[in-house]
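A.B. asks: Sequence below, structure please.
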Amino acid sequence: MESKIRQIQTAIFTKNFNISSDLERAGLLTDIYEYTKSIFNGAPTQLPIPNDAPPEFPRFILNSVDGKFSCNISLSRVDIFYNISNETTDSFEQLFETQKSNIQNIFNFLLSKNVIVNRIGFITAVEKKLAPEEGKGINYLRNSFVKDDKFANPKELLFNYNRAGRAGDFEMNNLITINAKEDSNIILQTDINTVAEGVNENNFNLVNFNEIVDYTIRETQVFVNNFPNI
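C.D. replies: Below you'll find the model as predicted:
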């Protein structure tokens with residue numbers, strides 16, 4: 001079985017992130033670009049929405065010239081994406097370290113603006129390609145996870161699994177989604193995140209950030225490397 005990471009996404013949830021005027025918005029875009037241009041070196045985009053639009057609507061989009069990295073910035077969350085090509089020769093460890101460096105850059109920028117970060121999620125999409133002798137993805141999943149003759153003759157199987165964890169002082173969700181159809185591919189998605197119940201009290205500093213992100217990377221690697229033994 002061959003494993004390839006297709007995308008890594010990190011969600012940084014925020015509060016008290018406000019833009020009250022067009023002038024403030026233009027200044028913020030300039031500041032973000034200057035702070036992050038070593039990563040997001042493409043032309044930034046400011047979306048034409050009113051300042052009082054709901055906070056979940058993206059205000060800015062950042063991109064790298066080569067298309068590897070992008071970032072959607074709203075007032076309630078920031079999503080940082082690493083799109084990984086088939087041609088990459090980087091190890092999983094190198095890919096995760098690159099993503100950690102990118103999100104730390106954004107995290108530090110938010111802290112520099114006194115924005116409170118109260119939740120972090122780390123999502124990884126992995127393609128598992130079966131060898132010819134391992135058969136179809138749906139049969140592999142059924143044989144690995146389904147007892148006796150249940151779910152006979154499926155066209156598609158989708159499993160969700162979540163277990164509790166802890167990173168330092170913070171409770172974590174360890175969510176894995178497994179999907180297979182009638183081909184040799186199995187799609188594995190991990191979503192390791194701080195629980196939503198703590199958002200009113202959380203105010204992450206750099207130490208918290210490192211504890212949480214290191215935990216998410218470690219747990220992601222355990223899920224991916226040990227599959228189907230989860």
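
A.B. asks: in what helix or strand does the residue nearest the centre of the chain lie?
C.D. replies: The centre of the chain sits closest to Gln9, judged by C-alpha atoms, centre = their mean, with a distance of 2.5 Å. Following DSSP states H and E, one finds Gln9 within strand 2-15.

A.B. asks: where do the helices sit along the protein?
C.D. replies: Secondary structure of the chain (DSSP state H): helices located at 22-36, 92-112, 137-145, 206-226.

A.B. asks: can you pull the buried residues of the lowest-mean-pLDDT helix or strand in the chain?
C.D. replies: The weakest-scoring helix or strand in the chain, judged by mean pLDDT, DSSP states H and E, is helix 137-145 (a mean of 87). By neighbour count on 16 or more other C-beta atoms under 10 Å, the buried set for helix 137-145 is 137-138, 140-142. Yep, even glycine has a C-beta here, placed from its N, CA and C like the rest.

A.B. asks: same thing with stretch 120-127?
C.D. replies: Those buried within stretch 120-127 under the rule 16+ other C-beta under 10 Å are 120-126.

A.B. asks: Just the ones of those residues in strands?
C.D. replies: 120-126 (DSSP state E).

A.B. asks: In a markdown table, list those along with distance to Ile186.
C.D. replies: Output for these, formatted as a markdown table (distance: C-beta to C-beta, whole Å):
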| residue | distance to Ile186 |
| --- | --- |
| Ile120 | 27 |
| Gly121 | 22 |
| Phe122 | 20 |
| Ile123 | 17 |
| Thr124 | 14 |
| Ala125 | 12 |
| Val126 | 9 |
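
A.B. asks: quick check, nearest of these to Asn200?
C.D. replies: The closest of these to Asn200 turns out to be Ile120 (C-beta to C-beta; 15.5 Å).

A.B. asks: worst average pLDDT in the helices of the chain?
C.D. replies: For the helices of the chain, the weakest mean pLDDT is recorded on helix 137-145, namely a mean of 87.

A.B. asks: residues in contact with the least confident helix or strand of the chain?
C.D. replies: 128, 130, 134, 151, 154-157, 159, 178, 180-186, 228 (C-beta atoms under 8 Å, 6 or more residues apart in numbering).
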